[in-house]
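Asks: sequence and predicted structure below; questions after.
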Amino acid sequence: MIDLTTTYLGMKLRTPLVASASPLSQEIDGIRRLEDAGASAVVLYSLFEEQLRQEAAELEHRLDAGTHSFAEAITYLPQADEFRLGPEGYLKHIERVKKAITIPIIASLNGSSVGGWTRYAKQIEDVGADALECNIYFLATDPKVSSSEIEQRYLDIVAAVKSVVSIPVAVKISPFFSNMANMAKRFDETGVNGLVLFNRFYQPDVNIEELEIEPNVLLSTPQALRLPLTWIGILHGRIRASLAATSGVHQHEDVIKLLMVGADVTMLCSTLLRNGIGHIRQIERGLVHWMQEHEYASVQQMKGSMSQIRCADPGAFERAQYMKAVKSAQHLKVTGREAWAILSGQ
């Protein structure tokens with residue numbers, strides 16, 4: 001009997017297949033279907049910092065109504081209908097979900113600054129969430145802000161959340177740090193229970209007819225797997241926090257690769273939106289079949305077997321992969337100019 005169990009954020013899960021935050025978790029019926037299909041845990045869709053600010057602004061407006069007036073509309077905050085549920089609705093949603101299903105529920109807070117929104121972490125814990133994922137979505141655009149200030153902002157957010165809750169806390173981050181390994185270590189030192197690698201920044205498009213900037217949401221492709229694969233392979237065994245891989249996980253082969261480099265869980269989103277919730281069953285069957293064929297008795301036996309820490313010379317791990325990639329490019333049928341661009345790293 002193949003043992004698919006794994007441990008994530010201190011929670012023992014039936015398999016490493018976790019449904020990440022998506023529209024699929026907006027309704028209890030969708031979460032039930034995720035559980036029935038084999039998801040071992042579900043990350044709820046995010047409660048945004050802007051929603052909490054908006055609620056506070058609306059409350060202040062009602063308390064202050066009639067004391068003054070002005071012509072300009074307050075438009076810098078999102079409109080109410082831009083979000084699925086407000087803060088109170090989100091908390092009630094957690095309560096209802098916990099009564100309806102048995103697998104762990106991981107709530108999600110999405111923000112980019114230290115502030116009152118982090119206090120909602122305690123309320124999320126109080127209504128029964130098993131864990132909390134802090135999705136820090138922050139794109140630095142001010143040239144006057146240093147990298148050290150940006151890094152400290154991330155650490156301050158995590159520390160603020162950890163200070164008010166006792167449930168496990170994971171942080172979902174981007175890879176855009178000067179030294180990702182150092183940041184992982186510093187997150188580890190804050191006591192964070194898990195790292196979710198990586199957040200994807202949704203880059204806008206330009207509508208050249210309407211002359212407007214448009215949001216451009218694209219589902220991930222299997223090629224997106226390479227970035228979390230690389231960094232999980234580097235970090236496995238070097239930090240205490242659990243490691244979750246997200247983005248690019250589409251088939252059972254992707255799950256196997258990520259487990260081999262050291263992932264504790266693999267998070268599914270785009271593949272479920274593209275192929276349906278039932279695709280979880282197909283991924284699990286493929287994982288079991290592969291493990292049987294290759295004589296792996298458990299996920300634990302497989303985990304980290306291809307990580308950097310297993311390399312005889314860890315310091316040469318990435319350099320060796322780079323050199324192999326460059327050498328393989330020499331066999332491609334390309335022009336002289338294209339070959340020079342590849343070999344010179346352009």
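Replies: Yep, that arrived.

Asks: show me what contacts Pro104?
Replies: 11, 13, 40-42, 130-131 (Cβ atoms under 8 Å, 6 or more residues apart in numbering). Every C-beta, even on glycine, is put in place using the N, C-alpha and C of the backbone.

Asks: so which of the residues you listed are in strands?
Replies: Secondary structure assignment by DSSP state E places 11, 13, 42, 131 of the contacts of Pro104 in strands.

Asks: phi and psi next, for the closest residue to the first one other than its chain neighbours.
Replies: Using Cβ to Cβ, 6 or more residues apart in numbering and skipping the chain neighbours, the partner closest in space to Met11 is Pro104 (5.3 Å). Its backbone dihedrals place Pro104 at phi -60, psi 140, with angles given as degrees, to the nearest 10.

Asks: let me know how buried Gly262 is, in neighbour terms.
Replies: 25 (other Cβ atoms under 10 Å).

Asks: list phi and psi for it.
Replies: Dihedral angles (degrees, to the nearest 10) for Gly262: phi 120, psi 10.

Asks: so how far is Leu197 from it?
Replies: 11 Å (Cβ to Cβ, to the nearest Å).

Asks: check Ser174 too.
Replies: 9 Å.

Asks: neighbour count: those two, which is higher?
Replies: Leu197 (27 against 16).

Asks: wait, what's in contact with that one?
Replies: Leu197 neighbours (Cβ under 8 Å, 6+ apart): 173, 175, 227-228, 231-232, 243-246.

Asks: over to Gly262?
Replies: 232-233, 235-237, 243, 303-304, 307, 309.

Asks: pick the one among these closest to Asn275.
Replies: Asn275 has its nearest neighbour among those in Ile232, at 23.8 Å by Cβ to Cβ.

Asks: correct me if wrong, but the closest one is in a helix.
Replies: Yes. With DSSP: H, G, I helix; E, B strand; the rest coil as the criterion, Ile232 is assigned to a helix.

Asks: my guess is it contacts Leu243. True?
Replies: Yes. Ile232 lies in contact with Leu243 (Cβ atoms under 8 Å); the separation is 5.1 Å.

Asks: what's the overlap in contacts for those two?
Replies: In contact with both Ile232 and Leu243: 197, 262-263, using Cβ under 8 Å, 6+ apart.

Asks: which of those residues lies closest to Glu210?
Replies: Using Cβ to Cβ, the shared contacts of Ile232 and Leu243 come closest to Glu210 at Leu197, 36.2 Å.

Asks: ok, back up a step: can you redo the contacts of Gly262 as JSON lines with neighbour count and pLDDT?
Replies: Shown next, in JSON lines, are these (neighbours: other Cβ atoms under 10 Å; pLDDT from 0 to 100):
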{"residue": "Ile232", "neighbour count": "27", "pLDDT": "97"}
{"residue": "Gly233", "neighbour count": "26", "pLDDT": "96"}
{"residue": "Leu235", "neighbour count": "24", "pLDDT": "97"}
{"residue": "His236", "neighbour count": "22", "pLDDT": "97"}
{"residue": "Gly237", "neighbour count": "14", "pLDDT": "95"}
{"residue": "Leu243", "neighbour count": "28", "pLDDT": "98"}
{"residue": "Lys303", "neighbour count": "21", "pLDDT": "97"}
{"residue": "Gly304", "neighbour count": "21", "pLDDT": "96"}
{"residue": "Ser307", "neighbour count": "22", "pLDDT": "94"}
{"residue": "Ile309", "neighbour count": "14", "pLDDT": "86"}
